[in-house]
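Participant: Quick one: sequence and predicted model below, then my questions.
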Amino acid sequence: MKFDYKKSLGQNFLKDKNIIKKIADSINPTEEDLIIEIGPGAGALTKELVKKKSEVICFEIDTRLKEILEEINSEKLTIIFKDFLSIKINEYIDQNKYKNLYFVGNLPYYITTAIINKIVKESNPYEITIMVQKEVADRFSAKPGTKDYSSISIFLQYNFDIERVCNVSKTCFEPVPKVDSSVIKFKRNKKISANDEEKFYKLIKDSFTQKRKNLRNNLKGYDLNKIQAILKKYDKDLTARAEQLSIEEFVDISNNI
């Protein structure tokens, strides 16, 4: 397809049919559910999604794709030409109408975290299946004590089970990007809950303010004596860095300070 791809929109359209089928096959909604596709591009994945039992709503920022996307003939499909980040989900989707919400998309790296935050804050997603840069997928699923473990790792793993559907070579896209990608699935599953989630999220953010510094330095505004007492239960102290603590340990601190 001849198209003037916009680098500013992070446009790299997936063309590999095997990968498209893998993504589609990983999503199994019923007629009571809704698929929300973010950034359908030329509709390669959309064409597979409309074969599902559920309705499909797509949000596409680039109105130049209107003619191409409107060629997809399905009564179950609604295409909204808006920037997903700029809209309020409830203004476009009656969430009470559906049993489960499935979000899917091939997301540019520079807005991946912003889109996930928006989905979590404005809806109750059952699953989020997205394509991201492979190194970003590594960060999302990183474990404590590894270099990729960060505040975003904790935020996502606190809210979801994370599964890697497949890795995707850069040659599967048009135009070819500089890096390989991964398809990852987030499935809502809270195993542990903080008493005050805003407080918990702030603690995580503050703990990772300067990643090379220890907890004593990053959490100066907190009651360090209380934190030290909690850490002692886990054979740790304030000289530990944030990446050494598990989600359960952060929840314990948040619940008791």
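Facilitator: Cool, the structure landed.

Participant: With only the CA atoms kept, save the lengthiest helix in the chain in CSV.
Facilitator: Looking across the chain with DSSP state H, the single longest helix is helix 109-122. Written as CSV, here are the backbone C-alpha positions of helix 109-122 (Å, rounded to 0.1, in the frame of the first residue of the first chain):
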residue,chain,number,x,y,z
TYR,A,109,6.8,3.7,22.5
TYR,A,110,6.5,7.3,23.4
ILE,A,111,2.8,7.0,24.4
THR,A,112,2.7,3.4,25.6
THR,A,113,2.8,4.2,29.3
ALA,A,114,0.4,7.1,29.0
ILE,A,115,-2.2,4.9,27.2
ILE,A,116,-1.9,2.1,29.8
ASN,A,117,-2.4,4.6,32.6
LYS,A,118,-5.4,6.0,30.9
ILE,A,119,-7.0,2.6,30.4
VAL,A,120,-6.5,1.6,34.0
LYS,A,121,-7.7,4.9,35.4
GLU,A,122,-10.8,5.3,33.1
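
Participant: Against which helices or strands is that helix packed?
Facilitator: Contact partners of helix 109-122 among helices and strands, from 3 or more CB pairs under 8 Å, 6 or more residues apart in numbering; DSSP states H and E: helix 89-92, strand 127-133, helix 151-159. Just so you know, the C-beta spots here come from the backbone N, C-alpha and C atoms, and that holds for glycine as well.

Participant: Strands of the stretch 101-250 of the chain, start to end?
Facilitator: With DSSP state E, counting those that start in this stretch as the criterion, the stretch 101-250 of the chain has strands at 101-106, 127-133, 160-168, 173-174, 181-188.

Participant: Please identify the deepest-packed of the helices and strands packed on helix 109-122.
Facilitator: Of the helices and strands packed on helix 109-122, the one with the most neighbours on average (mean count of other CB atoms under 10 Å) is strand 127-133, at a mean of 23.

Participant: Between the helices and strands packed on helix 109-122, which one is closest to A42.
Facilitator: A42 sits nearest to strand 127-133 of all those, at 14.6 Å, using CB to CB.

Participant: Show residues contacting that closest one.
Facilitator: Here strand 127-133 makes contact (CB atoms under 8 Å, 6 or more residues apart in numbering) with 14, 23, 26-27, 100, 102-107, 109, 112, 116, 119, 140, 160, 165, 168, 179-188.

Participant: Turn the helices and strands packed on helix 109-122 into CSV, columns for mean pLDDT and distance to N218.
Facilitator: Listed next are the helices and strands packed on helix 109-122 as CSV, based on pLDDT from 0 to 100; distance: least, CB to CB, whole Å:
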stretch, mean pLDDT, distance to N218
helix 89-92, 96, 33
strand 127-133, 93, 27
helix 151-159, 94, 11
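
Participant: how about the ones you listed in TSV, adding distance to N255?
Facilitator: Listed next are these as TSV, based on distance: least, CB to CB, whole Å:
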stretch	distance to N255
helix 89-92	30
strand 127-133	27
helix 151-159	13
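
Participant: Distance check, the residue lying closest to S123 once chain neighbours are set aside against D25.
Facilitator: Spatial nearest neighbour of S123, chain neighbours left out: I89 (5.2 Å); criterion: CB to CB, 6 or more residues apart in numbering. Using CB to CB, to the nearest Å, I89 is found at 26 Å from D25.

Participant: mind listing what's buried in stretch 103-114?
Facilitator: Judged by neighbour count using 16 or more other CB atoms under 10 Å, the buried positions of stretch 103-114 are 103-108, 111-113.

Participant: Now for the residue nearest to S123: which residues touch it?
Facilitator: I89 is in contact with 95, 118-119, 122-123, counting by CB under 8 Å, 6+ apart.

Participant: out of those, which are buried?
Facilitator: Applying 16+ other CB under 10 Å to these, the neighbour count classes 118-119, 123 as buried.

Participant: Columns distance to K232 and pLDDT on top of the residues you listed, output as CSV?
Facilitator: Shown next, in CSV, are the buried ones among the contacts of I89 (distance: CB to CB, whole Å; pLDDT from 0 to 100):
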residue, distance to K232, pLDDT
K118, 38, 95
I119, 37, 95
S123, 39, 95
